[in-house]
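Asker: Let's see this in three dimensions:
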Amino acid sequence: MDRSWGRSRNRTGSVNPSTAGKVPQSQSFFDISDMAGPAGRWLAVRLVDSPVTPIQLTLAFTATGLAAALLLAIGRAAWLAAGLLVIKSALDAADGGLARARRRPSRVGRFLDSVCDFVVNVAVYAGIAAGVVGGTGQIWYVLLAFLALISAMLQVSLFNHYYVRYRQATGGDQTSQVNEIEPAGYAWDNRALLEPLYLAYRVIYGWQDIFVARLDQLAAPGSPPLGRGFMTAVSVLGLGTQLLVLAVCALFGRPEWALWLFVTAFNAYAAVLLLSRRRQIR
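Answerer: Here you go, the predicted structure:
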């Protein structure tokens, strides 16, 4: 791994915030899903010399997300649920940022982060369904929430697929791989934690990784290179964007609007992006 991704200090003795990012600054693009990222990286570089660990931040964002889900389920304090979703997004950026700033990337942290994201997502969508059904009695919202959850997961997997490839092509963070076919931890990774977390990842995301890779192969045989413009466009499908949409809809007291958006508009947008990949090879 390029040592520039490690813990570095500038002449004033402070940690360089660029070390908490996933790609070199020269290859950065406008990441729409990373709206809360600057706050997360700000926090990460200030925690470098603290006893706080990236895993503790992962557990913190999990607790925050579950608290938001509970509020959505009981239909109370929608403004607080919205705020908690934004905080969850920032903490989600902070855990990996802290690991990179300390030059201590972790495969345990990588898989734990993904598993915890899944737990929070299931809870949030179930919470929305419970809140709407409890308030309206329309049980079919359970089906809509399930379809929105599957759609949202695949949309995020599509963005992550391209983002991992872009990081590999530009010399960025290498903790994640396009094909997670083995745990392959670092020397400091806890093997007892790594293997079950990897197994959980494979069960939850393995089929998604295969599916989106196949979609890209069908759309763009030969895999044309990924440019910054395309990465900005596909970042609309990232988890940070979804959490922001959920937060805004919750602020309006209509979190179910997000379900409709993910099933309709966001799926249509993903299809357009895949078609644009096909045009690149003509």
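
Asker: okay, I281: pLDDT?
Answerer: pLDDT, I281: 57.

Asker: next one: N10
Answerer: 38.

Asker: next one: G13
Answerer: So G13 comes in at 38 (pLDDT).

Asker: again, but for K22
Answerer: 75.

Asker: Report how many residues lie close to it.
Answerer: 24 (other Cβ atoms under 10 Å). All C-beta atoms are positioned from the backbone trio N, CA, C, and that covers glycine.

Asker: same question, P224
Answerer: 13.

Asker: was I right about it contacting R278?
Answerer: No: look at P224 against R278 with Cβ atoms under 8 Å: they stay out of range, at 9.5 Å.

Asker: shaky segments in the stretch 51-200 of the chain?
Answerer: For the stretch 51-200 of the chain, no stretch is flagged by pLDDT under 70.

Asker: quick one: the helices in this structure?
Answerer: Under the criterion DSSP state H, the chain contains helices at 37-46, 54-74, 78-101, 107-136, 141-170, 191-219, 228-234, 239-251, 256-263, 265-280.

Asker: so Y205 makes contact with V156?
Answerer: No: Y205 lies out of contact with V156 (Cβ under 8 Å); the separation is 9.6 Å.

Asker: Compare these two and say which one has the larger neighbour count.
Answerer: More crowded of Y205 and V156, by other Cβ under 10 Å: V156, with 24 against 21.

Asker: how far away is the more buried one from D92?
Answerer: According to Cβ to Cβ, to the nearest Å, V156 stands 12 Å off from D92.

Asker: overlap in contacts of these two?
Answerer: L239 (Cβ atoms under 8 Å, 6 or more residues apart in numbering).

Asker: Out of the helices of the chain, which is the most enclosed?
Answerer: helix 78-101 (a mean of 24; mean count of other Cβ atoms under 10 Å).

Asker: Now the phi/psi pair for R104, please.
Answerer: Torsion angles at R104 (phi, psi; degrees, to the nearest 10) stand at phi -140, psi 60.

Asker: Just give the closest residue to it, not the sequence neighbours.
Answerer: W188 (6.9 Å; Cβ to Cβ, 6 or more residues apart in numbering).

Asker: tally of neighbours for the one you found?
Answerer: 10.

Asker: Dump the helices of the chain to JSON lines, plus distance to P183.
Answerer: What follows is the helices of the chain, written out as JSON lines (distance: least, Cβ to Cβ, whole Å):
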{"stretch": "helix 37-46", "distance to P183": "25"}
{"stretch": "helix 54-74", "distance to P183": "16"}
{"stretch": "helix 78-101", "distance to P183": "17"}
{"stretch": "helix 107-136", "distance to P183": "6"}
{"stretch": "helix 141-170", "distance to P183": "16"}
{"stretch": "helix 191-219", "distance to P183": "4"}
{"stretch": "helix 228-234", "distance to P183": "27"}
{"stretch": "helix 239-251", "distance to P183": "23"}
{"stretch": "helix 256-263", "distance to P183": "31"}
{"stretch": "helix 265-280", "distance to P183": "29"}
